[in-house]
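What follows is a predicted structure for the sequence shown.
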Amino acid sequence: MDTKQSAFIKSDQMAAALRRRFAEHHVYLLDLLASPGSGKTSTILATIEALRDEFNIAVVESEKASTADVERIKAQGIAAVRVDVDSACCLDAEALSCAVDELDFARLDLVIVENAGSLARPADFDLGENAKAVILSVSEGDAKPLECPGAFRASQAVVLSKVDTVEAFDFDRQAFCENVRQVNPQAPIFPIVATKGEGVEEWATWLAEQIRAIQ
């Protein structure tokens with residue numbers, strides 16, 4: 001068995017343990033895949049605002065060096081922990097397991113993992129999540145689902161962010177939707193402008209339905 005295969009087996013075992021732990025406490029784990037600059041933190045903050053009256057939420061941030069996003073989330077009264085991924089370049093179940101040890105599961109309904117980095121890699125790792133969702137900014141281009149099919153194929157939902165900049169980036173929304181459908185015919189697509197709250201209700205309603213289903 002080579003080192004890479006051994007690492008995947010270990011990660012899968014940790015993911016299974018995490019899945020059992022979250023299920024035992026009826027906590028929904030959302031693995032949010034995103035590239036830098038995609039609007040992931042703004043989307044998380046808008047999601048928190050939409051859901052916080054019904055659900056208790058915590059966030060795990062996988063960041064390189066900066067603590068700024070964690071502090072923004074904590075400022076909203078939400079539990080947040082940071083995982084340093086400098087050496088690994090992407091989050092795995094072992095690192096996530098250490099991070100969630102800081103959370104009070106008895107008080108939570110939803111944990112959002114901000115799985116930042118290249119969309120080409122995070123989809124490879126099972127984190128024990130209930131669902132993956134991918135955030136794509138308009139600035140990343142309408143062909144991204146075909147360039148990084150793994151992330152889109154693995155996701156149960158797709159969030160298209162910053163849709164108020166479509167004209168500036170010559171982004172073809174119809175082509176984007178068709179490209180998503182090529183790799184994932186089932187996942188709903190939610191166009192949003194997180195900073196203005198546009199489209200957030202539809203996305204939050206979908207997520208709330210998933211959370212209620214495990215409670």
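Yes, it's here.

So for the chain, the centremost residue is which one?
Central residue of the chain (Cα atoms, centre = their mean): residue 32, 0.6 Å from the mean position.

what's the lowest-mean-pLDDT helix or strand in the chain in contact with?
Taking mean pLDDT, DSSP states H and E as the measure, the chain has helix 3-24 as its least confident helix or strand, at a mean of 81. Residues outside helix 3-24 that contact it (Cβ atoms under 8 Å, 6 or more residues apart in numbering): 1, 28-29, 92-94, 96-97, 100, 105, 111, 125-130, 214. (Each C-beta comes from the backbone N, C-alpha and C, glycine too.)

distance between stretch 133-145 and the chain's centre?
14 Å (Cα atoms, centre = their mean, to the nearest Å).

residue ranges for the strands of this protein, please.
28-34, 57-63, 79-84, 110-116, 131-137, 157-161, 189-191 (DSSP state E).

which residues does the residue nearest to the centre of the chain contact?
Going by Cβ under 8 Å, 6+ apart, the list of residues near residue 32 reads 40, 43, 44, 112, 113, 114, 115, 132, 133, 134, 135.

if we can go back for a sec, of the strands of the chain, which is nearest residue 198?
Taking Cβ to Cβ, strand 189-191 is the member of the strands of the chain nearest to residue 198, at 8.2 Å.

from the contacts of residue 32, which has minimum pLDDT?
When the contacts of residue 32 are sorted by pLDDT, the bottom entry is residue 115 at 87.

Give me the neighbour count for that one.
Using other Cβ atoms under 10 Å, residue 115 has 31 other residues around it.

Might one say that it is in contact with residue 30?
No. In this structure residue 115 lies outside contact range of residue 30 using Cβ atoms under 8 Å: 9.7 Å.

Low-confidence regions, this protein specifically.
Within the chain, the stretches with pLDDT under 70 are 1-8, 63-66, 85-90, 117, 121-124.

If we use 90, what do you get?
1-12, 34-37, 62-70, 83-95, 98, 115-126 (pLDDT under 90).

export the contacts of residue 32 to CSV and tack on distance to residue 59?
CSV is the format used below for the contacts of residue 32 (distance: Cβ to Cβ, whole Å):
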residue, distance to residue 59
40, 11
43, 11
44, 6
112, 5
113, 8
114, 7
115, 11
132, 16
133, 14
134, 17
135, 14
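
wait, which of these is closest to residue 73?
residue 44 (6.9 Å).

residue contacts, that closest one?
When contacts are counted by Cβ under 8 Å, 6+ apart, residue 44 touches 32, 59, 73, 112, 114.

And for the last one, nearest residue in space, chain neighbours not counted?
This means residue 114. Nearest residue to residue 114, sequence neighbours excluded (Cβ to Cβ, 6 or more residues apart in numbering): residue 61, at 4.9 Å.

That neighbour contacts residue 82, doesn't it?
Yes. Contact criterion Cβ under 8 Å: residue 61 and residue 82 qualify, at 4.9 Å.

Neighbour count: these two, which is higher?
Higher neighbour count among residue 61 and residue 82: residue 61, with 28 against 20, using other Cβ under 10 Å.

how close does that one get to residue 165?
Using Cβ to Cβ, to the nearest Å, one gets 24 Å for the distance from residue 61 to residue 165.

One more: residue 130?
The gap separating residue 130 from residue 165 is 31 Å, by Cβ to Cβ.
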